[in-house]
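Colleague: mind looking at a prediction? Sequence and model below.
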Amino acid sequence: MLFSSNVFLYFYLPVVLLLYYISPRQIRNFVLFAVSLFFYGWGEPVYLFLMVFTVLINYVCAFIIDSRRKKEKSTKSTLVIGVVLNLLLLGYFKYATFFLESLQSILPFMKDFDVPEITLPIGISFYVFQSMSYLIDVYRDDAPVQKNPITFGTYVALFPQLIAGPIVRYTDVARQLSERKENLDDFASGIKMFIIGLAKKILIANQMGALWETIKSADGTVAAWVGIAAYSLQLYFDFSGYSDMAIGLGRMFGFEFLINFNYPYISNSITDFWRRWHMSLSTWFKEYVYIPLGGNRKGIKRQIINLLIVWALTGFWHGASWNFLFWGIYYSILLIIEKTFLLKVLDKLPKFVRHIYTIIIVILGWALFYFVDTAELWEFIKKLFTPAATSSADINTILAYVPLLVVAAVASTPLGARLYNKVKESTAKKVVTLAGLAVMMLLCVCTLVSQSYNPFIYFRF
């Protein structure tokens, strides 16, 4: 079920809100857990058992860790078992086919082996990582063990961020799970955030995606650069739009999730970019992989190795394909170069030069991210750097999208928010804000009437 679908907007969400707020406070977590399972099972009921299995395994392992700690017994073996079970679950459904096909291509005796097609359960990368963060935090004694299985199930399956994040650490919502206080201001703020996220997805991301699909195969340097710029904007508004909707929905139910994007396209270095893009994933890998490996505490050589490991894993997390692994290594090399010497050089350059450097690097990275086929990637890269004329038909297509491209480019910066915040609070500002939100919602509704199925890009990760 999509947040941007009519079923969700006109049936599921109103019914869930009604059920939630008419329920006694003591059973609201149960209500959320039940409706979240329904939400997940709507499209893939066969994989509900995976969700329940994930909840049970991590709940039991954390409970054993806590019990053994109280008895002053070793807890590491239980942690290892729990983490391995989580990784096996993720590995089988996400990577088994990829590894078997890779082996088949290099081992002659596997040539006739029939590689099974394993369907990837939606959101598995997110809820497995979230579950592991809970288990590790309990092991470290950074978070209290959750003794109520329903409350823990609510944390893992909570539908606002179940499918595509943000990855919510248990330590950030542990208190909210048991002591949250819903109020009208947060509810209204949640509606506002949700509408803004919906508009990002429907009115900008989908349009940028349509432009990219139209001209990605076109000849000509201009078409190539405009196309990949459109795809870069599509990715940002698609994923940040989902994150905004998730945060908004969370507020409607009394939860406060951390922001997942902080205007990454205004960054002045790749290091800065990854502090702003998909912040929950970057934080996860930093807290649970990079720092345990030693981070930057054991010398520059060890730091380089750690960065290579973390970013190879980050790339591979995005998908079972070589291009994602190369994309991760691409960023690891760039970050290593920046941390060893380039940041000092960049600091001496004008801000606009640093920004142009970052944007070009990021856009090229998205080309690597998009093209699974290496030959197609190489052909596209050649179009970017080999001067060639773009056909008049493609130029006309681009010109038709120029207004929206400008709107998208400006909306990807904090300019609008800064101007809005400078206006003093008043009745007029509130009226204009409500009118603006109403117009955005109306435009989204009108667009959804004629729009075909268009899932969020990060659903496939």
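Modeller: That came through fine.

Colleague: switch to C-alpha atoms for all contacts and neighbour counts from now on
Modeller: Noted.

Colleague: name the element the closest residue to T151 other than its chain neighbours belongs to?
Modeller: Among residues not flanking T151 along the chain, N29 sits closest, at 6.0 Å (CA to CA, 6 or more residues apart in numbering). Mapping N29 onto the secondary structure by DSSP states H and E places it in helix 28-43.

Colleague: so what touches that helix?
Modeller: Judged by CA atoms under 8 Å, 6 or more residues apart in numbering, the contacts made with helix 28-43 from elsewhere in the structure are 1, 16, 19-20, 23, 47-48, 150-151, 153-154, 157-159, 177.

Colleague: report the mean confidence score over that helix.
Modeller: Computed over helix 28-43, the mean pLDDT rounds to 91.

Colleague: quick one on the thing from earlier: how near is the residue nearest to T151 to L404?
Modeller: Here the distance between N29 and L404 works out to 42 Å (CA to CA, to the nearest Å).

Colleague: got the CA coordinates for the helix or strand harbouring S332 in PDB?
Modeller: S332 belongs to helix 322-337 when assigned by DSSP H and E. Once non-C-alpha atoms are left out, helix 322-337 reads as follows in PDB (Å, rounded to 0.1, in the frame of the first residue of the first chain):
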ATOM      1  CA  TRP A 322      27.400  -4.900  -9.000                       C
ATOM      2  CA  ASN A 323      26.600  -1.300  -9.900                       C
ATOM      3  CA  PHE A 324      25.500  -0.600  -6.300                       C
ATOM      4  CA  LEU A 325      28.700  -2.100  -5.000                       C
ATOM      5  CA  PHE A 326      30.800   0.100  -7.400                       C
ATOM      6  CA  TRP A 327      28.700   3.100  -6.300                       C
ATOM      7  CA  GLY A 328      29.600   2.500  -2.700                       C
ATOM      8  CA  ILE A 329      33.300   2.000  -3.500                       C
ATOM      9  CA  TYR A 330      33.100   5.200  -5.700                       C
ATOM     10  CA  TYR A 331      32.000   7.200  -2.600                       C
ATOM     11  CA  SER A 332      34.500   5.500  -0.300                       C
ATOM     12  CA  ILE A 333      37.400   6.600  -2.600                       C
ATOM     13  CA  LEU A 334      36.000  10.100  -2.800                       C
ATOM     14  CA  LEU A 335      35.600  10.300   1.000                       C
ATOM     15  CA  ILE A 336      39.100   8.900   1.600                       C
ATOM     16  CA  ILE A 337      40.600  11.500  -0.800                       C
END
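
Colleague: and it, how far from the chain's centre?
Modeller: With CA atoms, centre = their mean, to the nearest Å as the basis, the distance from the averaged C-alpha position of helix 322-337 to the chain average is 18 Å.

Colleague: now do the buried residues in it.
Modeller: Along helix 322-337, the positions that meet the burial threshold by neighbour count (16 or more other CA atoms under 10 Å) are 322-332, 335-336.

Colleague: G123 is in contact with P160, isn't it?
Modeller: No: with the criterion set as CA atoms under 8 Å, G123 and P160 do not qualify as a contacting pair; they are 11.6 Å apart.

Colleague: who has more neighbours, those two?
Modeller: Relative neighbour count places P160 above the other of G123 and P160, with 23 against 18, counting by other CA atoms under 10 Å.

Colleague: ok, for the more buried one, nearest residue in space, not its chain neighbours?
Modeller: Across the structure, with CA to CA, 6+ apart as the measure, the residue nearest P160 apart from its sequence neighbours is A246 (4.6 Å).

Colleague: where's the one you found relative to M193, distance?
Modeller: A246 sits 9 Å away from M193, taking CA to CA as the criterion.

Colleague: neighbour count: the two, which is higher?
Modeller: The residue with more neighbours, out of A246 and M193 and counting by other CA under 10 Å, is A246; that gives 29 against 22.

Colleague: and the more buried one, what is it in contact with?
Modeller: With contact set as CA under 8 Å, 6+ apart, A246 has these partners: P160, Q161, G165, P166, F194.

Colleague: which residues are in contact with the last one?
Modeller: Translated: F194. When contacts are counted by CA under 8 Å, 6+ apart, F194 is found next to D244, M245, A246, I247, G248, L249.

Colleague: return the per-residue confidence for it.
Modeller: F194 carries a pLDDT value of 94.

Colleague: can you tell me the SS state at it?
Modeller: Assigned with DSSP: H, G, I helix; E, B strand; the rest coil, F194 falls in the helix class.

Colleague: ok, now how distant is it from R28?
Modeller: Distance check for F194 against R28: by CA to CA, it reads 21 Å.

Colleague: F273 is in contact with I359, correct?
Modeller: No: with contact defined as CA under 8 Å, I359 and F273 do not form a contacting pair (9.3 Å).

Colleague: what's the overlap in contacts for those two?
Modeller: With contacts defined as CA under 8 Å, 6+ apart, the residues adjacent to both I359 and F273 are Y265, S267.

Colleague: what is the neighbour count of the residue lying closest to Y331 once chain neighbours are set aside?
Modeller: Using CA to CA, 6+ apart and skipping residues adjacent in sequence, the residue nearest Y331 is W311, 6.9 Å away. Taking other CA under 10 Å as the neighbour definition, W311 ends up with a count of 24.

Colleague: work out for me the element W311 sits within.
Modeller: Using DSSP H and E, W311 maps to helix 300-317.

Colleague: list the buried ones in that helix?
Modeller: Using 16+ other CA under 10 Å as the burial criterion, the residues of helix 300-317 that qualify are 303-317.

Colleague: give me the angle between it and helix 322-337.
Modeller: Orientation of helix 300-317 against helix 322-337 (axes from the mean of the first three to the mean of the last three CA atoms, to 10 degrees) gives an angle of 150 degrees.
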